[in-house]
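Asker: would you be able to build a 3D model of this:
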Amino acid sequence: MNPSIAASVLALTLFVPAPQAAAQDRNASEAPVAAGVSIASDPAVRDALARLDVWLDGQRYRFDLPGFAVGVVHDQQLLWSKGYGYADVAQRIPSTDQTLYRIASISKTFAATAVVQLAERGKLSLDDPVNRHLTWFAPKDSTPESPVRVWNLLSHSGGLQREVPGSDWDALVSPDADSIASATKDTPLVLPTRTRLAYSNYGYAVAGQLVTQVSGVPYAEYLRDNVLRPLGLTATDVLDGRATRPGLAVPYGRRTTDGPRTIEQQMPRTDAFDSVGALVSSVSDLAKWASFQFRDSNANAGPVLTGASLREMHRPHFLLPDWSQGWGLGWRLTRNDAGARIDHGGSLPGYKSSLLLDPSSRVGVILLMNADDGPRELSAGILKLVAEPIRKAAASPPAVAQASSAKFAGFEGLYRDRWGGQLFVLAVTGGLQLLDPEAADIEASAATLRQTGPASFVTESPPRSITQAVASRVQFTLDEAGQAVSFTMDDGAYRFRRVR
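Answerer: Sure, this is the predicted structure:
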């Protein structure tokens, strides 16, 4: 066994959470929730999703983003999805879960799946030297004793340079397959093979050519017929950077002091870029892709991949020395105090994307943005808000759905002070919460409103910060219909007016 593979196997008990390691003992979709009952109806989950909605709207305001779309998946179900802002600001076309975005390097998770599928079908071995199938692949300084193997391409451990030889992102030039084949012999390894991780678009361009060579059909065609369509991903496909299609979000550049956001140009398509970052997709389609990743039990026999092959893709194949991060096959693996995560991000001019999976709760988060400065780290905040309530709801009998008290509905809404500061009053199960939608952590800044009169409340919050409002008296002003139009805090020192 390769030493790095052996080390990864040894690391499994520390890196992969127990539910993932025991995947063969249960069905991927198994959960004690009653048939026909959505976890989204659980009161705690419903409240978490409501807080999430408030927070995401506030983050768009905070970062001044043109638009983005979000989805939350639990196992085989898309629990919740929503678009914020605009896919096209000029035409006022809203973002939705059907809006198409260029998903950039998330495309690599599909390319890795195509390669693993060929291995599962006996067309190649993941341990094969790449040049057994691509005779032209002989990087300068590589040796027969330490060849770049197929799994090295998929785990960024082959020692290849980051970009495809001849790439020019400034001029938006992407070499084609013939150019790569002729340049490889003159392109040295930047690291000895299997000595450390080095993210490589070059490696995935080679992986795409491997699929073409072994399958006998162009990569894009193979992917469409053997991965995308069998999973029902009808909106996901390769798209030339010079082309557009109905529903594709406009790619906006960064905010600058020089003027409004520009519209970014894209990398023209070549047959070598298809496997690197040429896919477009939507939240709705990527929800199916996330659910597919959770079909990792032995009960899953295909047709795209078996559960055993999915587990092979999700386990560590190469780790950093401190074991905090590593790569599976096509997926980045991380572990911290929050637990183990599987993810991939994407970045192209005017687009940012993230697909984040939590194996322990079987929750997936999809985040697609049409802004060059879109904060992909929002996906971690989304997961933090929803994963634990969903995990608890899935592990317990369905809770009795309770509607938010009707008497509090008139208070719910977004309020702003004279300087533009925002607070959101949210009706949750059993009462009201006061939230800061622009906070990096909306739960840490939340306060419960305890009712002391018909329109009077007092804030109650854990002692997290000496600057957080503690026992602040909140007084609402109501209109003739009983709807709140404003409120004051701290005995009238601050006033917030309702804006919606």
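Asker: and Met489, what does it touch?
Answerer: By C-beta atoms under 8 Å, 6 or more residues apart in numbering, the contact set of Met489 is 459, 469, 472-474, 496. Glycine gets a C-beta too; all of them are placed from N, C-alpha and C.
Asker: elements contacting the stretch of helix or strand Ser309 belongs to?
Answerer: Using DSSP states H and E, Ser309 sits in helix 307-314. Contact analysis of helix 307-314 by 3 or more C-beta pairs under 8 Å, 6 or more residues apart in numbering; DSSP states H and E lists helix 107-120, helix 283-293 as its packing neighbours.
Asker: and for the closest residue to Leu434 other than its chain neighbours, the neighbour number?
Answerer: Excluding its sequence neighbours, the residue lying closest to Leu434 (C-beta to C-beta, 6 or more residues apart in numbering) is Ala447, at 4.5 Å. Neighbour count of Ala447, defined by other C-beta atoms under 10 Å: 23.
Asker: just checking, Ala447 touches Gly431?
Answerer: No: in this structure Ala447 lies outside contact range of Gly431 using C-beta atoms under 8 Å: 11.2 Å.
Asker: shared neighbours of the two, anything?
Answerer: Taking C-beta under 8 Å, 6+ apart as the criterion, Ala447 and Gly431 do not both touch any residue.
Asker: now the angle from the longest strand seen in the chain to helix 283-293?
Answerer: Taking DSSP state E as the criterion, the chain has its longest strand at strand 77-88. Interaxial angle of strand 77-88 relative to helix 283-293 (axes from the mean of the first three to the mean of the last three C-alpha atoms, to 10 degrees): 150 degrees.
Asker: run through who's touching the helix or strand following strand 77-88.
Answerer: Remark: after strand 77-88, the chain's next helix or strand is strand 93-94, criterion DSSP H and E. Residues outside strand 93-94 that contact it (C-beta under 8 Å, 6+ apart) are 67, 83, 85-87.
Asker: ok so, going back, export the helices and strands packed on helix 307-314 to CSV and tack on distance to Pro218 and mean pLDDT?
Answerer: Formatted as CSV, those follow (distance: least, C-beta to C-beta, whole Å; pLDDT from 0 to 100):
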stretch, distance to Pro218, mean pLDDT
helix 107-120, 12, 98
helix 283-293, 21, 98
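Asker: turn those helices into CSV, columns for mean neighbour count.
Answerer: Formatted as CSV, the helices and strands packed on helix 307-314 follow (neighbours: other C-beta atoms under 10 Å):
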stretch, mean neighbour count
helix 107-120, 24
helix 283-293, 24
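Asker: need those in TSV (columns: distance to Gly277).
Answerer: Listed next are those as TSV, based on distance: least, C-beta to C-beta, whole Å:
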stretch	distance to Gly277
helix 107-120	5
helix 283-293	15
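Asker: looking at those, which is closest to Leu79?
Answerer: Of all the helices and strands packed on helix 307-314, helix 283-293 sits nearest to Leu79, with 9.1 Å by C-beta to C-beta.
Asker: between the closest one and helix 107-120, how many degrees?
Answerer: Angle of helix 283-293 versus helix 107-120, following the same axes, to 10 degrees, is 40 degrees.
Asker: packing partners for helix 283-293?
Answerer: strand 67-74, strand 77-88, helix 307-314, strand 351-358, strand 363-369.
Asker: got the contact list for the shortest one?
Answerer: Translated: strand 363-369. With contact meaning C-beta under 8 Å, 6+ apart, strand 363-369 is reached by 65, 67-74, 81, 99, 101, 103, 249, 281-283, 286-287, 290-291, 293-294, 351-358, 376, 378-379, 382-383, 386-387, 390-391.
Asker: the second one now?
Answerer: For strand 77-88, the surrounding residues in contact (C-beta under 8 Å, 6+ apart) are 38-40, 45, 49, 52-53, 56-57, 60, 65-73, 92-97, 99, 247-250, 283-284, 287, 291, 366, 370, 390.
Asker: give me the average confidence score over that strand.
Answerer: Per-residue pLDDT over strand 77-88 has a mean of 98.
Asker: same thing with the shortest one?
Answerer: Strand 363-369 shows a mean pLDDT of 98 in the predicted model.
Asker: so what strands line up beside it?
Answerer: Here strand 363-369 has these sheet partners by DSSP bridges: strand 67-74 (antiparallel), strand 351-358 (antiparallel).
Asker: pull the residues that contact stretch 471-484.
Answerer: Identification of contacts with stretch 471-484 by C-beta under 8 Å, 6+ apart yields 410-411, 413, 425, 434, 449, 452, 455-460, 485-492, 498.
Asker: give me the mean pLDDT for that stretch.
Answerer: Throughout stretch 471-484, pLDDT has a mean value of 94.
Asker: start the count at 876 instead of 1 going forward.
Answerer: I'll keep to 876 as the first residue from here, and by that count the last item is stretch 1346-1359.
Asker: before we move on, the earlier item: need the CA coordinates for the helix holding Ser1184. PDB is fine.
Answerer: Provided in PDB are the C-alpha atoms of helix 1182-1189 (Å, rounded to 0.1, in the frame of the first residue of the first chain):
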ATOM      1  CA  GLY A1182     -22.000   3.800  -1.600                       C
ATOM      2  CA  ALA A1183     -18.500   2.200  -1.200                       C
ATOM      3  CA  SER A1184     -17.100   4.500  -3.900                       C
ATOM      4  CA  LEU A1185     -18.700   7.600  -2.400                       C
ATOM      5  CA  ARG A1186     -17.000   6.700   0.900                       C
ATOM      6  CA  GLU A1187     -13.800   6.300  -0.900                       C
ATOM      7  CA  MET A1188     -14.100   9.800  -2.400                       C
ATOM      8  CA  HIS A1189     -15.000  11.300   1.000                       C
END
